[in-house]
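Participant: mind folding the following:
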Amino acid sequence: MFKKINLVFKLVAVLQLCFTVNVSHAEEAIIAVASNFSAPMKALVPLFEQESQHRIQATYGATGKFYAQIKQGAPFDALLAADEATPQLLMDNQLAVDTSQFTYAIGRLVLWSNNPALIDGSPQILSSERYKHLAIASPKLAPYGLAAKKVIANLGLTAQVDNRIVMGENIAQTYQFVQTGNAELGFVALSQVIKNGKIELGSYWQVPSELHLPIKQDALLLKKGAQNEAAKTFLTFLKSTKARAVIQSYGYNL
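Facilitator: Below you'll find the predicted structure:
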């Protein structure tokens with residue numbers, strides 16, 4: 001009888017030890033994420049956390065602003081940027097881990113209105129008098145804003161629309177301007193308006209990719225996260241078939 005009780009105690013002790021060891025390996029990573037990627041990120045994090053013991057804390061904002069914060073010592077372990085230039089700058093400034101930079105998504109731009117009758121599937125609305133405000137993200141802070149300015153220039157409409165542009169600090173704020181009606185239309189990320197593979201609300205014109213440079217969105221491991229297993233494992237997870245399927249479902253190219 002005593003032998004059986006003793007055996008039970010030993011088994012419990014072993015199980016407790018295993019649990020303690022597993023928990024000790026679980027870490028949390030703080031990841032700076034470009035605003036356009038907020039929807040897929042919110043879908044990816046639970047999948048990652050189910051597969052691993054790690055936890056992810058995501059902060060969303062403009063890529064340009066994250067760059068300034070990281071240079072000032074912000075406590076981010078990794079960055080999911082909206083461009084490839086910012087991660088390269090961080091690499092050049094020795095603020096990131098060498099060879100960790102890779103493209104996780106290629107963004108797509110769309111001219112979108114909450115009004116289902118405003119845009120007819122073409123950019124024709126931009127040269128009309130049927131709107132007062134056109135929302136774009138700040139070209140200095142957000143790559144999607146820079147792409148929007150390039151599209152306007154390539155359409156030869158800079159002079160016509162410049163005095164009607166309202167700028168969001170990032171693509172999330174730009175979307176809010178249009179979604180609330182404070183701007184009748186705006187250039188936003190396709191990922192913000194797509195659902196189940198299609199745009200179900202409002203009206204839109206999907207911008208041809210040849211009208212702007214590719215919006216290559218790169219990720220990288222920052223020096224602060226060099227030893228953070230959660231950050232390193234999440235970046236590896238982004239390259240997995242499961243993660244790529246989620247990313248593609250939000251309208252991104254790969």
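Participant: Lys216 contacts Ile106, correct?
Facilitator: Yes - taking CB atoms under 8 Å as the definition, Lys216 is a contact partner of Ile106 at 5.7 Å. For every residue, glycine as well, the C-beta is placed using N, CA and C.
Participant: between those two, tell me which one has more neighbours.
Facilitator: Applying other CB atoms under 10 Å to Lys216 and Ile106 shows that Lys216 carries more neighbours, namely 18 against 14.
Participant: confirm that that one sits in a strand.
Facilitator: Yes - counting by DSSP: H, G, I helix; E, B strand; the rest coil, Lys216 is located in a strand.
Participant: list the contacts of it.
Facilitator: Contacts for Lys216 (CB atoms under 8 Å, 6 or more residues apart in numbering) come out as 83-84, 103, 106.
Participant: which one of the residues you listed sits in the busiest neighbourhood?
Facilitator: Of these, with other CB under 10 Å as the count, Asp83 tops at 24 neighbours.
Participant: find the nearest non-adjacent residue to that residue, please.
Facilitator: Nearest-residue entry for Asp83: Pro143, 3.9 Å, with adjacent residues in sequence omitted and distances by CB to CB, 6 or more residues apart in numbering.
Participant: can you give me the neighbour number for the one you found?
Facilitator: By the measure other CB under 10 Å, the count of residues near Pro143 is 29.
Participant: next up, the contacts around it.
Facilitator: 34, 63, 81-83, 85, 107, 215, 217.
Participant: try 6 Å
Facilitator: 82-83, 215 (CB atoms under 6 Å, 6 or more residues apart in numbering).
Participant: one more: Val45?
Facilitator: Val45 makes contact with Ile56 under the criterion CB under 6 Å, 6+ apart.
Participant: and Gln57, by the same measure?
Facilitator: So Gln57 contacts Ile30 (CB under 6 Å, 6+ apart).
Participant: adjacent strands (with direction) for whichever strand or helix holds it?
Facilitator: With secondary structure defined by DSSP states H and E, Gln57 is part of strand 55-61. If you go by DSSP bridges, strand 55-61 pairs up with strand 28-34 (parallel).
Participant: how about the partner strand as CSV, C-alpha atoms only?
Facilitator: Extracted as CSV, the C-alpha positions of strand 28-34 are listed here (Å, rounded to 0.1, in the frame of the first residue of the first chain):
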residue,chain,number,x,y,z
GLU,A,28,6.2,36.8,-24.5
ALA,A,29,7.3,38.9,-27.5
ILE,A,30,6.3,42.5,-28.1
ILE,A,31,5.9,43.0,-31.9
ALA,A,32,5.4,46.3,-33.7
VAL,A,33,3.0,45.7,-36.6
ALA,A,34,2.1,48.0,-39.5
